[in-house]
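In: Give me a model of this one.
(2 chains)
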2 protein chains.
Amino acid sequence: MDVQPPASLRSPLRLPHKALMGAGPANAPPRVLHAAAQPLVGHMHPEAFRVMDEIKEGLQYAFQTTNPVTVCLSCAGHGGMEAALSNLLEPGDVAVVPLNGHWGARASDMITRHGARVVPLELPLGQPVTLEAAEEVVSKHRPRLLFLVQAESSTTTLQPLEGFGPMCHKYGTLLVVDAVASLGGYPLWTDRWELDVVYTGSQKVLNAPPGLSPITFSPRAMERVASRRKPCDVYYWDIMQLGDYWGCFGNPRKYHHTGPITLFYALREALAILASEGLTASWRRHEQAALRLRAALERLGAKLFIEDPRHRVHTLTGFTLPRNVDPVAVTRTAMIRHGVELGPGLGPTAGRIMRVGLMGVNAEAWAVDNVISVLEDCVKNPIPNSSL
Amino acid sequence: MDVQPPASLRSPLRLPHKALMGAGPANAPPRVLHAAAQPLVGHMHPEAFRVMDEIKEGLQYAFQTTNPVTVCLSCAGHGGMEAALSNLLEPGDVAVVPLNGHWGARASDMITRHGARVVPLELPLGQPVTLEAAEEVVSKHRPRLLFLVQAESSTTTLQPLEGFGPMCHKYGTLLVVDAVASLGGYPLWTDRWELDVVYTGSQKVLNAPPGLSPITFSPRAMERVASRRKPCDVYYWDIMQLGDYWGCFGNPRKYHHTGPITLFYALREALAILASEGLTASWRRHEQAALRLRAALERLGAKLFIEDPRHRVHTLTGFTLPRNVDPVAVTRTAMIRHGVELGPGLGPTAGRIMRVGLMGVNAEAWAVDNVISVLEDCVKNPIPNSSL
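Out: As a prediction, this is how the structure comes out:
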């Protein structure tokens, strides 16, 4: 052998239990994790197609849509973002993207890579786009698409979505919505609000392991895909082929890639849990947990990053602590001393704010009370960064 | 609610146990499946980085390479193929691709989507490329890359690789190798044979669940990536950014996407099993199982699809049955009556041949004997296709 077997693989894997109270992944319930350990079936077996059909129905419920093209991509949420953009855009197309946090910047990077042009909508960090501001830019540039992030996780900002669909459609523009950090935790009505493509990640409010990106395409979005001059520039994202793998067009199932069947098992169980609780109850539970968290944070002297309560995301709360507490030291202390993950900011907010995520099974009063008592301890007695 | 919770999600998931003796996924050992049910940690936690480091070491062993850029993509093997091609190619570049089975056609589709040009090397189905034929085309076209598939699973052909690396490098060409159906089951020496990019899938010989594509980039391949005029046209495949997520360049770890941590757990355990058996023993076990299978098939009157024994893949054996037995009826009978998956051909061989896969834990004498007795029964007494 040129390379010897590594010593690190001689002992079996051991992992700690943690409370994942950051920006996600959130903790997954035992039913979901156990599902992932069920025996493998092949990607073209009838059992696999049944699981995929059940996922599709569960996702149509979660997205509140009757779109036949509702599938699950075999990749992270970043792949969902890139699949949405690359299926709709061709070189030379224009996309309008608000730049008010990390995710607009990320989407712009992808759009540029795929040869399209970004018209940025510059905004202060943490400020959502108003319908009026969006219409001004959309009516002027008539872009192929407008990109919005319902829960901008880097700033913990809620982007209102109602009205944007009809406004876009007036100008022949498609509306793409990132619901990675919100789907299941905040109202989203794909059909009622005329959203054209919506995607999320399996590992946030849905409480499945990471690795899947649920996505839905409206008939209007599919018309656009069908009228492309050339097929999608990425085989792996091509929704025309993926649609046949997922049985969306009434054709016989066609092999596109080998789906991650054990992750499908887990997501199927996660969606069953959501269906059994009900969306309305889940939305309410996330709201109540967020209100409890915010009240406790204000008692601690923390300042919420988003001033206007109407613009605050329930699934993720950003704040600064009083007396120049170092958020990095606090998050490290929480992890090392308590096994609790808190978010230290992301991109433009890295090191500036802290973020507490209340997603899925963690959107409960007991979890809020636990995270608050951990915060109190870590603020009083942080482990200095220099000693780590 | 516009869409009601689906009735199909009211009952919990139940799955049968099957023997996966087709083209993959193969069965995963309990240790591997149990690992996937371990509790989640975050994608940027030290425990996640340790698992990723151990995967990297295990992959360097499996690929027989010291390449620092040895990572695991968060997608199926098809994603590995597209990542290899799209990182190396830019619009206008030329790639030489043998067309002697399904996978050359698939790679050509991807290459074209990314704006590069394919110079096809037309060959009869099931015939590997000779070094001489490859040199003729490479020396004439001086392409950016030559694409080879070590185990052409659609035809069950073994492509020799020795000598192709130095030949390519004489002409400034990179050598990309698909080892999806072979890695771990047949000798492959990335460094010794000067292979530039090699990728595989987690679900074949490695015996992990599907959803990951291990990949390695030689320093020569990374020089090419660094000298691109523009970054990779797909954010999700960009090896410069993925390399920082996997800690390949000595920089601090950087968030690129949320890795599918439970699949990482499973692959880590699968690699630990491979390291503990040893590559040489694994290669020999696959060879012995294949020889046992071929001898039994010939006793049954089957005709092996690849005539020259030197061109037969050990992991997957293609054959036709005597007396015009319908391979589709046989594979359906094996599945329904015995819970045994056999491969009915793929792409150009669909419906023409049958394929038996002996990968990972299934490359054992007992599994061969079982598949042979199932075959005997299904040939004698197939369930007619019309009754299914």
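In: Next secondary structure element downstream of the helix or strand harbouring residue A:57?
Out: Element membership for residue A:57 (DSSP states H and E) is helix A:46-63. As assigned by DSSP H and E, the chain's next helix or strand after helix A:46-63 is strand A:69-73.
In: tell me which strands and helices that next one is in contact with?
Out: The contact analysis (3 or more CB pairs under 8 Å, 6 or more residues apart in numbering or on different chains; DSSP states H and E) places strand A:69-73 against helix A:46-63, helix A:77-88, strand A:213-217, helix A:239-245. From N, CA and C alone the C-beta is placed, and that goes for glycine too.
In: okay, those in JSON lines with mean neighbour count, distance to residue B:360 and mean pLDDT next?
Out: Formatted as JSON lines, the helices and strands packed on strand A:69-73 follow (neighbours: other CB atoms under 10 Å in any protein chain shown; distance: least, CB to CB, whole Å; pLDDT from 0 to 100):
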{"stretch": "helix A:46-63", "mean neighbour count": "21", "distance to residue B:360": "19", "mean pLDDT": "97"}
{"stretch": "helix A:77-88", "mean neighbour count": "27", "distance to residue B:360": "27", "mean pLDDT": "98"}
{"stretch": "strand A:213-217", "mean neighbour count": "28", "distance to residue B:360": "28", "mean pLDDT": "98"}
{"stretch": "helix A:239-245", "mean neighbour count": "21", "distance to residue B:360": "25", "mean pLDDT": "98"}
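In: tell me the contacts of the residue nearest to residue A:329 when sequence neighbours are not counted?
Out: Excluding its sequence neighbours, the residue lying closest to residue A:329 (CB to CB, 6 or more residues apart in numbering or on different chains) is residue A:382, at 4.0 Å. Applying CB atoms under 8 Å, 6 or more residues apart in numbering or on different chains, we find residue A:382 in contact with A:325-326, A:329-330, A:332-333.
In: Which single one of these is nearest to chain B?
Out: residue A:332 (10.6 Å; CB to the nearest CB).
In: Would you map the helices across chain A?
Out: Using DSSP state H, the helices assigned to chain A run over residues A:30-35, A:46-63, A:77-88, A:102-113, A:131-141, A:164-170, A:219-226, A:239-245, A:261-277, A:279-299, A:327-338, A:365-380.
In: which residues sit against the last one?
Out: Under the criterion CB under 8 Å, 6+ apart, residues A:19, A:21, A:288-289, A:292-293, A:296-297, A:300, A:321, A:325, A:329-331, A:333-334, A:337-338, A:340, A:342, A:356, A:358, A:361 lie in contact with helix A:365-380.
In: and the end-to-end length of stretch A:182-197?
Out: Terminal residues of stretch A:182-197 lie 15 Å apart, using CA to CA, to the nearest Å.
In: any idea how far it is from the chain center?
Out: From the chain centre to the centre of stretch A:182-197 is a distance of 13 Å (CA atoms, centre = their mean, to the nearest Å).
In: Am I right that residue A:128 is in contact with residue A:156?
Out: No. Contact between residue A:128 and residue A:156 fails when scored by CB atoms under 8 Å: they sit 11.4 Å apart.
In: what comes up buried for the helix-or-strand element of chain A with minimal mean pLDDT?
Out: The helix or strand of chain A with the poorest confidence is helix A:327-338; it has a mean of 92 (mean pLDDT, DSSP states H and E). Neighbour counts over helix A:327-338 (16 or more other CB atoms under 10 Å in any protein chain shown) mark A:327-335, A:338 as buried.
In: One more: stretch A:117-135?
Out: By neighbour count with 16+ other CB under 10 Å, stretch A:117-135 contains the buried residues A:117-118, A:121, A:123, A:125-129, A:134-135.
In: picking that back up, run the angle between the helix holding residue A:57 and strand A:69-73 for me.
Out: Comparing the axes of helix A:46-63 and strand A:69-73 via axes from the mean of the first three to the mean of the last three CA atoms, to 10 degrees yields an angle of 110 degrees.
In: Helix A:46-63 vs helix A:279-299, what angle?
Out: Put simply, helix A:46-63 runs at 60 degrees to helix A:279-299, going by the same axes, to 10 degrees.
In: so what secondary structure elements neighbour helix A:46-63?
Out: Applying 3+ CB pairs under 8 Å, 6+ apart, one finds that helix A:46-63 contacts strand A:69-73, strand A:213-217, helix A:261-277.
In: how big is the angle separating that helix from strand A:213-217?
Out: Orientation of helix A:46-63 against strand A:213-217 (the same axes, to 10 degrees) gives an angle of 70 degrees.
In: Put the alpha carbons of helix A:46-63 into CSV.
Out: In CSV, the C-alpha atoms belonging to helix A:46-63 read as follows (Å, rounded to 0.1, in the frame of the first residue of the first chain):
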residue,chain,number,x,y,z
PRO,A,46,-41.7,0.4,-5.5
GLU,A,47,-41.1,1.0,-1.7
ALA,A,48,-38.8,4.0,-2.6
PHE,A,49,-41.4,5.4,-4.9
ARG,A,50,-44.0,5.1,-2.2
VAL,A,51,-41.8,7.0,0.3
MET,A,52,-41.2,9.7,-2.3
ASP,A,53,-44.9,10.0,-3.1
GLU,A,54,-45.6,10.4,0.6
ILE,A,55,-42.9,13.0,0.9
LYS,A,56,-44.4,14.9,-2.0
GLU,A,57,-47.8,14.9,-0.3
GLY,A,58,-46.3,16.0,3.0
LEU,A,59,-44.4,18.8,1.2
GLN,A,60,-47.5,19.9,-0.7
TYR,A,61,-49.1,20.3,2.8
ALA,A,62,-46.1,22.1,4.3
PHE,A,63,-45.8,24.4,1.3
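In: Off-centre distance for that helix?
Out: Offset of helix A:46-63 from its chain centre (CA atoms, centre = their mean): 19 Å.
In: next one: stretch A:103-110
Out: On CA atoms, centre = their mean, the centre of stretch A:103-110 falls 14 Å from that of its chain.
In: swap in stretch A:12-24?
Out: For stretch A:12-24, the distance to the chain centre is 19 Å (CA atoms, centre = their mean).
In: what about it, start to end distance?
Out: Start-to-end span of stretch A:12-24 (CA to CA) is 26 Å.
In: can you list contacts of stretch A:220-235?
Out: A:69, A:82-83, A:86-88, A:90, A:114-115, A:144, A:169, A:174, A:196-197, A:217, A:238-241, B:78, B:82, B:86, B:106, B:109-110, B:113-115, B:233-234.
In: Can you tell me the closest non-neighbouring residue to the residue in the stretch 251-388 of chain A that chain B sits nearest to?
Out: Relative to chain B, the nearest point of the stretch 251-388 of chain A is residue A:260 (2.9 Å; CB to the nearest CB). Nearest residue to residue A:260, sequence neighbours excluded (CB to CB, 6+ apart): residue B:211, at 2.9 Å.
In: quick one: contacts for the one you found?
Out: Residues near residue B:211 by CB under 8 Å, 6+ apart: A:74, A:211, A:259-260, A:262-263, B:74-76, B:202-203, B:260, B:263.
In: 7 Å instead?
Out: Residue B:211 makes contact with A:74, A:211, A:260, A:263, B:76, B:202, B:260, B:263, according to CB atoms under 7 Å, 6 or more residues apart in numbering or on different chains.
In: Need the per-residue pLDDT for it.
Out: Per-residue pLDDT puts residue B:211 at 98.
In: what stretches of the stretch 201-350 of chain A score poorly on pLDDT?
Out: For the stretch 201-350 of chain A, applying pLDDT under 70 flags no range at all.
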